[in-house]
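S.K.: Here's my sequence, what's the structure:
(4 chains)
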There are 2 protein chains.
Amino acid sequence: MPSRRHGIAEDLRNQIATCRIKAGERLPSEAQLAARYMVSTPTLRSALAVLEREGFIEKIHGKGNFVRHPLRKITYVGGRGTLDTRTAAEAPLRVTVRTAKIRARGHLTALLKVPTSSPLTEFLCLSHEGESPLSLARIYVPRDLMPATEPVLGESPACEMAVARFAVLRPPSAEVRETVSVRLPTPDEASALRISSALAVLAITRVTADSTGRVVEAALLVFPGDRADAVFTTHHVIDESGTQG
Amino acid sequence: MPSRRHGIAEDLRNQIATCRIKAGERLPSEAQLAARYMVSTPTLRSALAVLEREGFIEKIHGKGNFVRHPLRKITYVGGRGTLDTRTAAEAPLRVTVRTAKIRARGHLTALLKVPTSSPLTEFLCLSHEGESPLSLARIYVPRDLMPATEPVLGESPACEMAVARFAVLRPPSAEVRETVSVRLPTPDEASALRISSALAVLAITRVTADSTGRVVEAALLVFPGDRADAVFTTHHVIDESGTQG
DNA sequence: GAGTGGTCTAGACCACGAG
DNA sequence: TCGTGGTCTAGACCACTCA
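M.R.: Numbering: from 1, shown residues only, chains lettered A, B, ... in the order given. Here you go, the predicted model:
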């Protein structure tokens, strides 16, 4: 026996799936929907909360409830030294970058294996597809690894270009360790990605080290959980016999 | 200005974090808590819903709200040919396995690259740590790759042992492709893992192929999102120049 | 100011668990 | 049966957006 809210949620889900309510469109007001389904507003709102957690709708205070654009999943490809987030390549990806000079503190010191308050360069990258934010990246590089001659870029060029440029300057043999976790977004992340704070994110911490073991980059990547996959491919060329554990 | 429910949630979170309410313990009834915080029961319940999504409490209908055991995170180590889910190794991990003979259908045919209704062996593994379910694994192996002489094990031995045994029978060079995604659990998964259906899970689809490209195993792994990380390490021994994209 | 969503109330009634 | 959580109601009032 399905509860009212799940029945309503399913009905709306179907309407969205069958494009009877199109992407980007506004739903009828909560009062109207409550009347249509003959439920009280709290009940209707709890139905919408289900859809919000599932990523179907986006609530905007004072404006309405909007159908999110179809889940055009992006794929994060692991194991590379560079940020590489598109696969649905047809997407017109727009990336904004903000650069800052900061000093290591807190868990950054552990990630980068540097002492507290050692100089770092921070890249804050936010990628959009149309109106929908797709990913948030915070990338930290020890300042002395930055090409100081190069004017530290302002806002325009793609974050990935910037990072890729540094990649070629690095020693070629490196180790990349990527830790994937699921969590709820921080309030900052939720607003940057325009998602509900109840919609879990896929968080990837990527630490890149050169052949000497020095950490040359730490990247904190965050994706809306419903819009991203991460793929890791391992080739077992040589049998690592008994390395189990 | 924090809302009532967030204030209450934070207060309870602190009490849990500082062990003023210990793991496994029951919280006071919702009516009592509502009285203590001088809010209505729906408001109090929405505070508990926050804690539930965050993984702090577990609601059990008719019994009460219970503090979940501390987030003893397990780490899934990617890139291996075997299931390897412990790192907090002190954990007394108990695994139950159910074996079944099924036939490929739906997306399994695509994953395993086998025709519809070709024979498979399914391993359904559920690992517990004490009372808390930690992971759910559904592993599919083409039946002809199974050592038929070996009696298909009943319920007792560890899933990982079973799978590890097959691993050594396989050609050593293989490719492992692991796809990590975030989603809400299915009702089955939620009840098997004893988590709220609002608590996102970390889902890993692992496809192992031998050197000929034949898929020898597909594993669908599900972990409670708040209890698991996945780590992937890549060694860039040889510079794959310009393999970008 | 009109319309929207956000929060909260003070109940009612139902469903589950344990004795 | 009793105590628990689960669902729902019919409002009230506040906060935000936009004309």
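S.K.: CA only for contacts and neighbour counts going forward, please
M.R.: Fine.
S.K.: how does chain A divide into domains?
M.R.: Chain A breaks down by automatic domain parsing into domains covering A:4-67, A:74-231.
S.K.: among those domains, which is the most enclosed?
M.R.: Most buried of the domains of chain A, by mean neighbour count (mean count of other Cα atoms under 10 Å in any protein chain shown): domain A:74-231, with a mean of 18.
S.K.: For chain B, find the nearest of the domains of chain A.
M.R.: Of all these, domain A:74-231 sits nearest to chain B, with 4.4 Å by Cα to the nearest Cα.
S.K.: Give me the distance between the two termini of that closest one.
M.R.: The first and final residues of domain A:74-231 sit 10 Å from each other (Cα to Cα, to the nearest Å).
S.K.: Looking at chain A, which residue reaches furthest from the middle?
M.R.: residue A:38 (37.8 Å; Cα atoms, centre = their mean).
S.K.: May I ask you to confirm that residue A:209 is in contact with residue A:174?
M.R.: Yes. Counting by Cα atoms under 8 Å, residue A:209 touches residue A:174, with 5.3 Å between them.
S.K.: if we can go back for a sec, let me see the backbone angles for the residue farthest from the centre of chain A.
M.R.: Here is the backbone geometry of residue A:38 (degrees, to the nearest 10): phi 60, psi 50.
S.K.: Mean confidence (pLDDT) on stretch A:234-242, please.
M.R.: Stretch A:234-242 carries an average pLDDT of 58.
S.K.: Please read the previous query as pertaining to stretch A:43-55.
M.R.: On average, the pLDDT along stretch A:43-55 is 94.
S.K.: One more: stretch A:77-97?
M.R.: What stretch A:77-97 shows for mean pLDDT is 61.
S.K.: Ends of that stretch, what's the gap?
M.R.: Stretch A:77-97 has an end-to-end distance of 21 Å (Cα to Cα).
S.K.: which stretches of chain A have low pLDDT?
M.R.: By pLDDT under 70, the weakly predicted segments of chain A are A:1, A:71-72, A:80-93, A:146-173, A:237-245.
S.K.: so does stretch A:108-117 get close to chain B?
M.R.: No. Figure legend: stretch A:108-117 not in contact with chain B (Cα under 8 Å from any Cα of the partner chain); closest approach 14.3 Å.
S.K.: What lies in contact with that stretch?
M.R.: Stretch A:108-117 is contacted from outside by A:103-106, A:142, A:207, A:214-218, using Cα atoms under 8 Å, 6 or more residues apart in numbering or on different chains.
S.K.: In CSV: those residues, plus distance to residue B:233 and secondary structure.
M.R.: Below are the contacts of stretch A:108-117 laid out as CSV (distance: Cα to Cα, whole Å; DSSP: H, G, I helix; E, B strand; the rest coil):
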residue, distance to residue B:233, secondary structure
A:103, 27, strand
A:104, 24, coil
A:105, 25, coil
A:106, 24, coil
A:142, 21, strand
A:207, 10, strand
A:214, 15, coil
A:215, 14, strand
A:216, 15, strand
A:217, 15, strand
A:218, 14, strand
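S.K.: Which two of these have the greatest separation?
M.R.: The span of the contacts of stretch A:108-117, defined through Cα to Cα, is set by A:106 and A:214 at 18.5 Å.
S.K.: Looking at the contacts of stretch A:108-117, spot the one nearest residue B:69.
M.R.: Set against residue B:69, the nearest of these by Cα to Cα is residue A:106 (26.6 Å).
S.K.: Please name the nearest non-neighbouring residue to that closest one.
M.R.: Nearest residue to residue A:106, sequence neighbours excluded (Cα to Cα, 6 or more residues apart in numbering or on different chains): residue A:116, at 7.7 Å.
S.K.: This completes my enquiry, with thanks.
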